[in-house]
Structure formats: structure tokens, C-alpha cells
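1. based on what follows, work out the 3D shape:
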Amino acid sequence: MVNIRNLDPSASPLDYYGSELRRLREDAGLKQGQLGDIIFCAGSLVGQIETARKVPTREFSDRVDAALVTGGVFSRLVGLVLRSQLPSWFQAYAEMEAKAAYISSFQAQLVYGLLQTEEYARAVLQAGWSDKLDEAVAARMERQRILDRDHPPLVWVVLDEGVLHRPFGNREIMRSQLLHLLEFGDRREVRIQVLPFAAGQHPATVGSFNVLRFERDPDIVYAESYGLANVTANPETVRDCTHRYDHLQAAALSVEQSAALIARVREERYGDHQEPDRRGVA
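-> Residues are numbered from 1 along each chain as shown. Below is the predicted model:
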């Protein structure tokens, strides 16, 4: 059955995307099933996206643009759609993150979102009880596109060593995630350090935080808790967190030593030679 639900294009980026997809499909004289055949998907999927019941992927958007000869309309629009799937309290930060020239991040629990593999991100979001898992994963992957720009931000990440040992998903997911971190060694705009257990006490025991610097706007500090985001440009707070970050970098292993530790943990903790971990998960 053809979906005929009417949308208000001004309600959300997803609604606008769906209404435009229907309009341009009908202008091309195609039924949902016919467009689905052209772009190698079910006609029902086209209908679900046209009625804002399902979030489009970037691959879907690229194929629709080619099929309907839109000049890249949907490939441009899908970024707005995916960003709109981020938690409402996080969206403002994501916009600032995309505009930053320099990102400094300390992560005490997880790999920084910009550096996560899709499988690791899915495990993290599932553990965090994400309501719409597929949409949340797609939105997180969309955030990472800022690293593929012609002029990406400079990203410096300090990971607590515990992040490497805390498994999300299965052993293969962790092996892939740690390999992904190592692959950033070939990119000069991304630097990763590990704060080892041996460093002992450090000035960021309160938890993870990010410092964002911009070309023209004031620097900001970002930290989060359950369902809340704390973003501030207060000069004293920014200065304090920047100072703390400097201490973390000084206490952390060098970039080269950090890569060696990541590689060692990958093989020793998540290597194929180990027996499966049969302990229960709390």
C-alpha cells in the first residue's frame, strides 16, 4: 500500500526531506516501487522516508540524487536530517564542534565520538539506552565527517588507559576500534595520547571534558552528564580547563608511546588467541 501521509515541511528537517522526496519523485513520474527499483531498495522504504517514519542514510540520499538528477539536493539535506537526530541537548554543541578550529578532548570512559568506529558507537549507544539506535549511530557517524573536510579541525585527544581496557561489544569490535585509533597516526591533524594508570593522580578526576577553540569566536568548554550539556565560554572556566588539559598532556605518554600501548592492549587483551570472556555482564 502506498504511504499517503501528508507532512508539514516546516516541522523538522526529516519532514522537509520526506516532502521533497515525494515532490521530486512525483515530478519524475515515478511510483515509490519504481524509484526503489532504480536505487536498489524496497518501495516501502521510500514510503517510510517520504512519511518521516524512517531516517534516510547518506547512501540512500546519494542514490536518490543520481536517480532523480537533483544536483545533490538530498546529499546536502541529509546532513541536517542526521544532525537533527542527535539528542536535543547535544545539538548546539555538535554545531560548535563542526565550526571549531582546534578540539582538545580528555576522555575518562569512552573513545571520543569523532574517533569511534560504527560498531563501537553502536555498542556505546546501546549501553546508554538510546531510544532510536540506528538513527543515533547514523548521527554519530555524520559528526565525523568534519574530519574529512578540506580543512579539518586539529584534534588532540587524551584517553585514560581505562578506555582501552573497558570493552564495549565483543572482542572483535574492540580490536577494530583500537586499530582505528592506530590508523589516525597517519593523519597529522589528529593526535592521540594515553594517560597511563601509572600516572596516578591527575587534575581531571571530575570527568571528561572538551575545549573548543575557534578562529574568531571565544573558546568554550564542554562537559556532560545524564541528559545534560554544560557549555560555557566563561574565561575563568576556560582558562582553568585549559590549564588542566596541559597537565594531562604532560602526564600522558607521548603520541608514539601511546600508539605502542594501544597496539599492545589490542593484542594482549583482545587478541584472537584468547579464550572468550564468559563472565557475566552487570
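2. from what I see, Val190 and Gln144 are in contact.
-> No - using Cβ atoms under 8 Å, Val190 is not in contact with Gln144; the gap is 11.1 Å. For the C-beta atoms, the positions are set from N, CA and C on the backbone; glycine is no exception.
3. more crowded one of these two?
-> Neighbours per residue (other Cβ atoms under 10 Å) separate Val190 from Gln144, with Val190 holding more: 22 against 15.
4. which secondary element of this protein has the worst mean pLDDT?
-> Sorted by mean pLDDT, DSSP states H and E, the helices and strands of the chain end with strand 228-232, the least confident at a mean of 89.
5. returning to that earlier point: name the residues contacting each of Val190 and Gln144.
-> Leu115 (Cβ atoms under 8 Å, 6 or more residues apart in numbering).
6. quick one, helices of the stretch 151-282 of the chain?
-> Remark: helices assigned in the stretch 151-282 of the chain by DSSP state H, counting those that start in this stretch are 161-165, 171-183, 235-251, 255-270.
7. packing partners for the first one?
-> Going back to what we said before, that points to helix 161-165. Under the contact criterion of 3 or more Cβ pairs under 8 Å, 6 or more residues apart in numbering; DSSP states H and E, helix 161-165 touches strand 190-195, helix 255-270.
8. what's the first one packed up against?
-> Using 3+ Cβ pairs under 8 Å, 6+ apart as the contact criterion, the elements in contact with strand 190-195 are strand 154-160, helix 161-165, helix 235-251, helix 255-270.
9. of all these, which one is nearest Tyr120?
-> Tyr120 lies closest to helix 161-165 among those, at 10.8 Å (Cβ to Cβ).
10. so which bits of that closest one are buried?
-> Along helix 161-165, these residues count as buried under the neighbour rule (16 or more other Cβ atoms under 10 Å): 161, 163-164.
11. over to stretch 93-100?
-> So for stretch 93-100, counting by 16+ other Cβ under 10 Å, buried means 93-94, 96-97, 100.
12. and of the buried residues of helix 161-165, the nearest to Arg76?
-> Proximity of those to Arg76 (Cβ to Cβ) peaks at Val163, which lies at 34.7 Å.
13. wait, that closest one sits on Phe106?
-> No - using Cβ under 8 Å, Val163 is not in contact with Phe106, being 10.5 Å away.
14. stretch 142-153 - what's its average pLDDT?
-> Averaged across stretch 142-153, pLDDT comes to 95.
15. with just CA atoms, put that stretch into PDB.
-> Extracted as PDB, the C-alpha positions of stretch 142-153 are listed here (Å, rounded to 0.1, in the frame of the first residue of the first chain):
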ATOM      1  CA  GLU A 142      27.700  12.000  10.400                       C
ATOM      2  CA  ARG A 143      29.500  14.100  13.100                       C
ATOM      3  CA  GLN A 144      32.800  12.500  12.000                       C
ATOM      4  CA  ARG A 145      32.500  14.000   8.500                       C
ATOM      5  CA  ILE A 146      34.200  17.100   9.800                       C
ATOM      6  CA  LEU A 147      37.500  15.200   9.800                       C
ATOM      7  CA  ASP A 148      37.200  14.600   6.100                       C
ATOM      8  CA  ARG A 149      36.800  18.300   5.100                       C
ATOM      9  CA  ASP A 150      39.500  20.000   3.100                       C
ATOM     10  CA  HIS A 151      40.400  21.900   6.200                       C
ATOM     11  CA  PRO A 152      39.500  19.700   9.200                       C
ATOM     12  CA  PRO A 153      39.900  20.900  12.800                       C
END
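16. list the contacts for the residue minimising distance to the centre of the chain?
-> With distances taken as Cα atoms, centre = their mean, the chain has Arg140 as the residue nearest its mean C-alpha position (2.8 Å). Counting by Cβ under 8 Å, 6+ apart, Arg140 touches 113, 116, 121, 125.
17. swap in 7 Å and give it another go.
-> Arg140 is in contact with 113, 116, 121, counting by Cβ atoms under 7 Å, 6 or more residues apart in numbering.
18. need the residues you listed in a markdown table (columns: neighbour count).
-> Formatted as a markdown table, those follow (neighbours: other Cβ atoms under 10 Å):
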| residue | neighbour count |
| --- | --- |
| Gly113 | 19 |
| Gln116 | 24 |
| Ala121 | 28 |
